[in-house]
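*Asks:* Generate a structure from the sequence data that follows.
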Amino acid sequence: MKLGLQLGYWGAGPIPNAAELVVAAEDAGFDSVFTAESWGSDCYTPLAWWGSQTSRVRLGTAVAQLSARPPTSLAMAALTLDHLSGGRHVIGLGVSGPQVVEGWYGQPFGKPLARTREYVQVVRNVLAREAPVTNDGPHYRLPLADGDGVTGLGKALKPITHPLRADIPIWLGAEGPRNVAQTAEIADGWLAVFYTPRLAGMFDNWLDEGFARPHARRTRADFEIAANAQCVVTDDVGAALERYRPSTALYVGGMGAKEKNFHADLYRRMGYGDVVDEVSRLFLSDRKAEAVAAVPDEMVRETMLVGTRDEVRAQIGQWEAAGVTTLMVTARDVGTIRELAALV
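*Replies:* Predicted structure coming up:
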């Protein structure tokens, strides 16, 4: 199993010691470093800035939001970073949710599966640089030929800059069965935001459906599964769970609309339906402290690796046996990075 450092997106400001963490991860033998975005910091600027201090680790976005950039713009950023890093970029994409897509980016959220498929294909066409890029699909039409304010003068273009690699890996963030199956069909890897080995069989069924499709890009043998996980080596498991309980409550109750929250849906599939209902009710009633308190220990621990060195080492083995190829950890100190590298 490989290790990746998940720096995530910023809160009120930058991660204070991020540059130190990135260098430590490379020195410790980590395979990759990832950044994310929500509706604050973007993912590409920090990745390029901190990644400039590295020479070996892969540099990935987990995730770049589809609605933040047209696919040609995403491809421009990707080919640029891939050149600057000497071929170390991994494109990680995700659709986000309707609150962010329609509320922040001002774009329609409908048909996320179709949008993702079309987006990925346009990015691949740009990177292939075999012909001027055109697309007849309904979501990202190129050239744009009609509509309010459209001149009709648009021209199909190839990128001026020759991509260093035509096959920059594309990994997709996905949580539901149809989305995961499509990821296995069209992508090079899966970014699993809330993974639990307990449900590996369910995830495998979803993935296998995608691998079995006629034009699947990969097989299980050359497909990457990168799972996010908080990893805490400690004798005080209770304190670690308290530290991450607010995050679980936020994603279940506050990171999505009441009518559509993909994180909540995944936790329902884990068997926490009643808890999700209660946490959502409290969170949406602005009773956040009560919402956090309503999250049980086992729900927090489900997607974590936590315990003594021997316990965490055993848990790493369980995740690897379940099919995870990269463990994307959210370590925020150099000591934890070095300790996890030693365990893996």
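*Asks:* in the lowest-mean-pLDDT helix or strand in the chain, what's buried?
*Replies:* Here the helix or strand of the chain ranked lowest by mean pLDDT, DSSP states H and E is helix 262-269, holding a mean of 90. Neighbour counts over helix 262-269 (16 or more other Cβ atoms under 10 Å) mark 262-264, 266-269 as buried. Backbone N, C-alpha and C define where each C-beta goes, glycine included.
*Asks:* What lies in contact with it?
*Replies:* With Cβ atoms under 8 Å, 6 or more residues apart in numbering as the test, helix 262-269 has contacts from 97, 175-176, 193-194, 199, 202, 251-253, 255-256, 275-276, 280, 299.
*Asks:* show me what contacts residue 206?
*Replies:* With Cβ under 8 Å, 6+ apart, residue 206 has these contacts: 177, 180-181, 184.
*Asks:* Out of these, the closest to residue 313 would be?
*Replies:* Residue 313 has its nearest neighbour among those in residue 180, at 28.1 Å by Cβ to Cβ.
*Asks:* With residue 91 as the reference, measure out to the closest residue in space to that closest one that isn't next to it in sequence.
*Replies:* Spatially, and ignoring its direct neighbours in sequence, residue 180 is nearest to residue 206 (4.0 Å; Cβ to Cβ, 6 or more residues apart in numbering). As for residue 206, its distance to residue 91 is 21 Å (criterion: Cβ to Cβ, to the nearest Å).
*Asks:* related to what we said a few turns ago, beyond the least confident helix or strand of the chain, next helix or strand please.
*Replies:* helix 273-284 (DSSP states H and E).
*Asks:* what does that next one contact?
*Replies:* So helix 273-284 is contacted by 249-250, 252-254, 258, 261, 264, 267-268, 288, 290-291, 294-296, 299 (Cβ under 8 Å, 6+ apart).
*Asks:* can you list the domain ranges for the protein.
*Replies:* 2-231+308-343, 235-304 (automatic domain parsing).
*Asks:* Comparing those domains by mean pLDDT, which bottoms out?
*Replies:* Here the lowest mean pLDDT among these goes to domain 235-304, at a mean of 91.
*Asks:* End to end on that domain, go ahead and measure it.
*Replies:* 15 Å (Cα to Cα, to the nearest Å).
*Asks:* just stretch 170-181 next, same as before
*Replies:* 15 Å.
*Asks:* tell me which residues in that stretch are buried?
*Replies:* 170-175, 179-181.
*Asks:* Filter the residues you listed down to the ones in helices?
*Replies:* 179-181 (DSSP state H).
*Asks:* Which one of the residues you listed is nearest to residue 111?
*Replies:* For these, the nearest to residue 111 is residue 179 (12.1 Å; Cβ to Cβ).
*Asks:* Next up, the contacts around the closest one.
*Replies:* Contacts of residue 179 by Cβ under 8 Å, 6+ apart are 112-113, 116, 172.
*Asks:* Could you export those residues as a markdown table, including secondary structure and distance to residue 306?
*Replies:* Below are the contacts of residue 179 laid out as a markdown table (DSSP: H, G, I helix; E, B strand; the rest coil; distance: Cβ to Cβ, whole Å):
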| residue | secondary structure | distance to residue 306 |
| --- | --- | --- |
| 112 | helix | 33 |
| 113 | helix | 34 |
| 116 | helix | 33 |
| 172 | strand | 27 |
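*Asks:* Filter these down to the buried ones.
*Replies:* Buried among the contacts of residue 179 (16+ other Cβ under 10 Å): 112, 116, 172.
*Asks:* mind checking which helix or strand residue 226 is in?
*Replies:* strand 224-233.
*Asks:* That strand pairs with which strands?
*Replies:* Sheet pairing of strand 224-233 (DSSP bridges) gives strand 189-192 (parallel), strand 304-307 (parallel), strand 326-329 (parallel).
*Asks:* Give me the buried positions along the helix or strand following that strand.
*Replies:* Reading on from strand 224-233 to the C-terminus, the next helix or strand found by DSSP H and E is helix 237-253. With burial defined by 16+ other Cβ under 10 Å, the residues of helix 237-253 counted as buried are 237, 240-241, 244-246, 248-253.
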